[in-house]
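Novice: Got a predicted structure plus its sequence, pasted below:
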Amino acid sequence: MHPRHLLAVLLAALLPLLAVASPAAASTGGTPDGTRHPSVGLLVSYTDGDRYRCSGTLVSPTVVLTAAHCTDGVDGKVALDFDPVIAEAPPSPLPDAADPAAGYTTKELQAAGYESGTAYTHPRYSDFTDPRNWNDVGVVVLDRPVTGIAPSRIADLGTLDRIKTSNLSKTLFTAVGYGTEVRKPDSGPQKPTPMSYPLIRRYVDMPGQKLTPQILQTNGNPNDNKGTGGTCFGDSGGPVFLGGRIVAVTSYGYTENCRYLGGYQRVDIAAAQDWLASFGL
């Protein structure tokens, strides 16, 4: 997450990836995903010389859906990896750009065994300044089609609007991503803390809490008796599924230990779907 996005709330899950083993990497609670959601991948890119990670979903052989704050300001290409286990322990296997200020190139990513693509940001993305026009939607257009992975489908227009307000808290949404696992350290103060490893894909089930014309909000506490946890740093841009289709992408959270409400940019709305249509979606 870029420092400029730290407003009154802790905004979503874009975490610098350091070469050293420092707290950085899956979800609050949740379950290792394995092969359950193979269309969800890890995105890694550079902005202003620093390396960041997000999550995203293959929605066509050449397009990955993610969040605008994961694509905004990206230098060079975006690296993608759909392996459910990136690293169980340090060191990080993620590639370094030859020139961090310029970001990745297609040639160096493909030589390292990664998919590569170009980031695009919703033209009306408000950088978390306008709740009525949040538009935290982005895509990565791949340099070559992905084979062997079935793309996930985006929900129909107005899918979430069909949920009665009284039923929202009874509805479970599934979020998937490569975000930070929050747990107590092996030593020292036993405060739940974001951990660097393992860097793996996880999923969580979360009950709905609030719905606006732009945002789905959920309860993300692992102690909630209705759900299994919530999203955290690195889950940004990852999908939220309902009935097997993507209704939203991870956008923001409220606390540093990711144990409270989470906010998700709706993609079942015209503002998102009209723009996504320009990419053939």
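Specialist: That came through fine.
Novice: Got phi/psi on residue 166?
Specialist: Residue 166 adopts backbone torsions of phi -70, psi -20, taken as degrees, to the nearest 10.
Novice: which residues does it contact?
Specialist: Residues counted as contacts of residue 166 (C-beta atoms under 8 Å, 6 or more residues apart in numbering): none. Quick note: C-beta positions are derived from backbone N, CA and C, even for glycine.
Novice: For it, give its distance to residue 215.
Specialist: Residue 166 sits at a distance of 19 Å from residue 215 (criterion: C-beta to C-beta, to the nearest Å).
Novice: What's the end-to-end length of stretch 199-217?
Specialist: Terminal residues of stretch 199-217 lie 25 Å apart, using C-alpha to C-alpha, to the nearest Å.
Novice: Kindly report the same for stretch 137-152.
Specialist: Taking C-alpha to C-alpha, stretch 137-152 runs 16 Å from one end to the other.
Novice: Find out how far it is from the centre of the chain, if you would.
Specialist: In terms of C-alpha atoms, centre = their mean, to the nearest Å, the centre of stretch 137-152 is set 15 Å apart from its chain centre.
Novice: Give the buried residues for that stretch.
Specialist: Neighbour counts using 16 or more other C-beta atoms under 10 Å place 137-140, 142, 146, 151-152 of stretch 137-152 among the buried residues.
Novice: And stretch 94-102, by the same measure?
Specialist: 94-95, 97, 100.
Novice: contacting residues around stretch 105-119?
Specialist: With contacts defined as C-beta under 8 Å, 6+ apart, stretch 105-119 is touched by 41, 45, 64, 70-71, 74, 76-82, 95, 97-98, 104, 138-144, 146.
Novice: same thing with stretch 122-132?
Specialist: Under the contact criterion C-beta under 8 Å, 6+ apart, stretch 122-132 has outside partners 4-5, 7, 11, 68-69, 72, 133-138, 212-215, 252, 271-272, 275.
Novice: picking up where we left off before, kindly present the buried residues of stretch 137-152 as CSV, with separate columns for distance to residue 51.
Specialist: Putting the buried residues of stretch 137-152 into CSV (distance: C-beta to C-beta, whole Å) gives the following:
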residue, distance to residue 51
137, 22
138, 17
139, 20
140, 16
142, 20
146, 22
151, 27
152, 26
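Novice: Show me those residues that map onto strands.
Specialist: Judged by DSSP state E, strands contain the following of the buried residues of stretch 137-152: 138-140, 142.
Novice: helix, strand or coil for residue 52?
Specialist: strand (DSSP: H, G, I helix; E, B strand; the rest coil).
Novice: That one and residue 45 touch, don't they?
Specialist: Yes - with contact defined as C-beta atoms under 8 Å, residue 52 counts as touching residue 45 (6.1 Å).
Novice: More neighbours: which of those two?
Specialist: Per other C-beta atoms under 10 Å, whichever of residue 52 and residue 45 has more neighbours is residue 45, with 27 against 22.
Novice: Which residues are in contact with that one?
Specialist: 51-52, 54, 70, 74-79, 103-104, 119.
Novice: ok, now with 6 Å
Specialist: 74, 78 (C-beta atoms under 6 Å, 6 or more residues apart in numbering).
Novice: secondary structure element for it?
Specialist: Assigned by DSSP states H and E, residue 45 belongs to strand 40-47.
Novice: Just want the angle from that strand to strand 138-142.
Specialist: For strand 40-47 against strand 138-142, the angle by axes from the mean of the first three to the mean of the last three C-alpha atoms, to 10 degrees is 100 degrees.
Novice: Tell me the strands beside strand 40-47, with direction?
Specialist: If you go by DSSP bridges, strand 40-47 pairs up with strand 50-60 (antiparallel), strand 75-81 (antiparallel).
Novice: Show me the one of these that comes nearest residue 245.
Specialist: Closest to residue 245 of the strands paired with strand 40-47 is strand 50-60 (C-beta to C-beta; 10.3 Å).
Novice: What lies in contact with that closest one?
Specialist: Residues from elsewhere that reach strand 50-60 (C-beta under 6 Å, 6+ apart): 14, 16-17, 39-41, 43-44, 64-66, 70, 146, 149, 151-152, 177-178, 234-239, 281.
Novice: Dump the strands paired with strand 40-47 to JSON lines, plus distance to residue 162 and mean pLDDT.
Specialist: Output for the strands paired with strand 40-47, formatted as JSON lines (distance: least, C-beta to C-beta, whole Å; pLDDT from 0 to 100):
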{"stretch": "strand 50-60", "distance to residue 162": "21", "mean pLDDT": "96"}
{"stretch": "strand 75-81", "distance to residue 162": "32", "mean pLDDT": "98"}
